[in-house]
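Enquirer: Test case, fold it:
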Amino acid sequence: MPLMAVAFPILPGKTPEWRAWLDELNGPRHQEFVDSRRRAGVHERTFLQPTPMGDLVITTLEGDDPMRSFGQLMNATDAFTQWFIERATAVHGLDPSVPLTASPSELVADSGPVAVPVA
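Expert: Next up is the predicted model:
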């Protein structure tokens, strides 16, 4: 299944706010989160990665067309998505009005099966 990964820096001092947002996402708003991703045809996983340069969030989207799904998620107008984008803007400085023209990350290594040449 196609997979895409995106890294978002957390703005300085915003990690506690990010954690509170994720508490809502994994708690009272979890079903809205699941439904949103199901409508977009994608499975999302999110990781927190502390680094010497500051905390990063690494998000993976897996589905038939994760890039299309990402665009759909960023452009949805329902109340949950508006809340989600508001939080993302506050903690990441994300500007969802800037459309992506290419994948935000580049796959550079994959430990999957290697094609064996036929002799």
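Enquirer: number of nearby residues for Ala40?
Expert: 22 (other CB atoms under 10 Å). No exception for glycine: its C-beta is placed from N, CA and C like everyone else's.
Enquirer: typed the wrong thing, it's Gly63
Expert: The burial count for Gly63: 20, using other CB under 10 Å.
Enquirer: wait, it sits on His43?
Expert: Yes. Between Gly63 and His43 there is a contact at 6.3 Å, judged by CB atoms under 8 Å.
Enquirer: Need the contact partners of the host helix or strand of Ile58.
Expert: Assigned by DSSP states H and E, Ile58 belongs to strand 56-63. Residues from elsewhere that reach strand 56-63 (CB atoms under 8 Å, 6 or more residues apart in numbering): 1-10, 18, 40-50, 69-70, 92.
Enquirer: For ChimeraX, what selects the buried ones among the residues you listed?
Expert: To isolate the buried members of those in ChimeraX, using 16 or more other CB atoms under 10 Å:
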select :4,5,6,8,9,10,18,40,42,43,44,69,70,92
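Enquirer: Report the distance from the longest helix seen in the chain to the chain centre.
Expert: Longest helix in the chain by number of residues, with DSSP state H as the criterion: helix 79-92. Taking CA atoms, centre = their mean, to the nearest Å, one finds helix 79-92 lying 12 Å from the centre of the chain it belongs to.
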